[in-house]
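output the structure for:
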Amino acid sequence: MIEFLEKIWESTGLHQFQLDSSLLIKTLIMYVIIGVLVYLAIVKGFEPLLLLPIAFGMLLANIPGANLFHSDLFISSDPNFEFSILNVIKKGNLIDFLYLGVKLGIYPSLIFLGVGAMTDFSPLIADPKRLFMGGTAQLGVFAAFAGALLLGFTVEEAAAIGIIGGADGPTAILVTKILAPHRLGAIAIAAYSYMALIPMIQPPIMRLLTTKKERAIKMEQLRSVSKLELVAFPIIVTVLVSIILPDAAPLIGFLMFGNLLTVSGVTDRISKAAQNELMNIVTIFLGVSVGATANAENFLSLPTLMIIGLGLCAFMLSTVGGVLGGKFMCWITHGKINPLIGAAGVSAVPMAARVAQKVGREENPDNYLLMHAMGPNVAGVIGSAIAAGVFLALFK
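The predicted structure follows:
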């Protein structure tokens, strides 16, 4: 009977704490971090569809003794290590199987399929000049890349960290799983957390870099876009970007394919499936599996703190780049473009565009910038995918 009770005790998480007292402290710290993410998701309503699955994946990964995720099946410091799907099938469990979608790059592309199906590119087609603001808003990507190199990260890790500045979670995950898979938990959590905090991060920067007069600028209504333009756009962008940067093809291709399903007008059923059922299922799988990579042993470290700090700097500098791009466009158009829409050049769709609308209406309640801001916003989606393609082409 005593032996039976001893076996039960040894199988508990409490016994793990007894064996390693530092594990208790680390686990409690992780639970605090998880609590913050749950608070942001439920109480504040910041990106709940992503933060809640990520937080619960982290919770599952930080139950002592449960061993729900086996990172050694996917990455190893051994230079002779070879990833094997068969090995995962033999030794893995549910979360390991779900993580295959991350490891093989399936989830990010499927997320982009759903995003493309939900995205309206007509503001960008109506005024292609707004691509410029989507480009300048990638400033944080390359600034964070340089900063990470200066802090001693490898060039592959620096590239993965830099992509946080694109405000695009799936892109950050795809680049990280290829270039720096051991940093996936920290980078993914930083990317999605800062995406959720865009309504708090961006407005002070936008107000600092613009005048009241600039923020009050009312923009002219965009021209109407023909169906031919809507159908041709995703095809042309896919061909051009994929030929120049083949490594960006999985993201750009699925983004544009999803959009084509919607604008074609003949595939409503699968367009709605991509926007709803597929998007919801993949979001659950992606969030839980990515969150499960963040266990206390690899997450609570100095590099993780540096990644979180660099990620914040990247987001802020991307906002700065976008606003400065907007101010430049305002100058060359003699005051016809409100520079606030430049801040929407980060690819958090449509949250960044809504922030531009909100800040603009604070100065002029009759100002409606949402559709104007969607131009740089969707340009930012394309821009972050192109930046990812550049990094993959250079450092893969």
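
alpha carbons only for contacts and neighbour counts from here, please
OK.

pull the CA atoms of whichever strand or helix holds residue 161 into PDB?
Using DSSP states H and E, residue 161 sits in helix 155-162. Only the C-alpha atoms of helix 155-162 are listed here, as PDB (Å, rounded to 0.1, in the frame of the first residue of the first chain):
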ATOM      1  CA  VAL A 155      22.100  36.400 -38.000                       C
ATOM      2  CA  GLU A 156      19.300  33.800 -38.300                       C
ATOM      3  CA  GLU A 157      17.900  34.600 -34.900                       C
ATOM      4  CA  ALA A 158      18.200  38.400 -35.700                       C
ATOM      5  CA  ALA A 159      16.200  37.900 -38.900                       C
ATOM      6  CA  ALA A 160      13.400  36.000 -37.000                       C
ATOM      7  CA  ILE A 161      13.400  38.700 -34.200                       C
ATOM      8  CA  GLY A 162      13.200  41.500 -36.800                       C
END
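
nearest residue to residue 175 in space, please, no chain neighbours.
residue 160 (5.7 Å; Cα to Cα, 6 or more residues apart in numbering).

over to residue 26?
Closest residue to residue 26 apart from its sequence neighbours, by Cα to Cα, 6+ apart: residue 296 at 5.8 Å.

and what of residue 67?
residue 61 (7.1 Å).

gap between that neighbour and residue 41?
Distance from residue 61 to residue 41, counting by Cα to Cα, to the nearest Å: 19 Å.

okay, these two: which has more neighbours?
A count of neighbours by other Cα atoms under 10 Å puts residue 61 above the other of residue 61 and residue 41, at 25 against 21.

correct me if wrong: the more buried one contacts residue 71.
No. Under the contact definition of Cα atoms under 8 Å, residue 61 does not touch residue 71, with a separation of 10.6 Å.

spell out which residues are contacts of both of those two.
residue 293 (Cα atoms under 8 Å, 6 or more residues apart in numbering).

can you tell me which helix or strand of the chain has the lowest average pLDDT?
Least confident helix or strand, the chain: helix 13-19 with a mean of 62, by mean pLDDT, DSSP states H and E.

what's the following helix or strand after that one?
Per DSSP H and E, the first helix or strand lying C-terminal to helix 13-19 is helix 21-42.

ok, back up a step: same for the helix holding residue 161, what does it pack against?
helix 139-150, helix 169-179, helix 302-332, helix 370-395 (3 or more Cα pairs under 8 Å, 6 or more residues apart in numbering; DSSP states H and E).

which among those helices is found nearest to residue 345?
Checking the helices and strands packed on helix 155-162 against residue 345 by Cα to Cα gives helix 370-395 as the closest, at 4.5 Å.

one step back: just the pLDDT at the residue nearest to residue 26, thanks.
What the model reports for residue 296 is a pLDDT of 85.

would you confirm that it contacts residue 64?
No. If you go by Cα under 8 Å, residue 296 and residue 64 don't touch, sitting 10.0 Å apart.

residue nearest the centroid of the chain?
Centroid-nearest residue in the chain, with Cα atoms, centre = their mean: residue 169, separated by 1.3 Å.

that one contacts residue 192, correct?
Yes. Applying Cα under 8 Å, one finds residue 169 in contact with residue 192, separated by 5.8 Å.

quick revisit: okay, the angle between the helix holding residue 161 and helix 302-332?
Relative orientation of helix 155-162 versus helix 302-332 (axes from the mean of the first three to the mean of the last three Cα atoms, to 10 degrees): 60 degrees.

need the mean per-residue confidence for helix 155-162.
In this model, helix 155-162 has a mean pLDDT of 94.

centre of the chain versus that helix, how much separation?
15 Å (Cα atoms, centre = their mean, to the nearest Å).

quick one: secondary structure of residue 81?
Secondary structure for residue 81, judged by DSSP: H, G, I helix; E, B strand; the rest coil, is coil.

how about the contacts made by it?
The neighbours of residue 81, taking Cα under 8 Å, 6+ apart as the test, are residue 75.

confidence score at it?
In this model, residue 81 is scored at 78, pLDDT.

so who does residue 253 touch?
Residue 253 is in contact with 238, 242, counting by Cα under 8 Å, 6+ apart.
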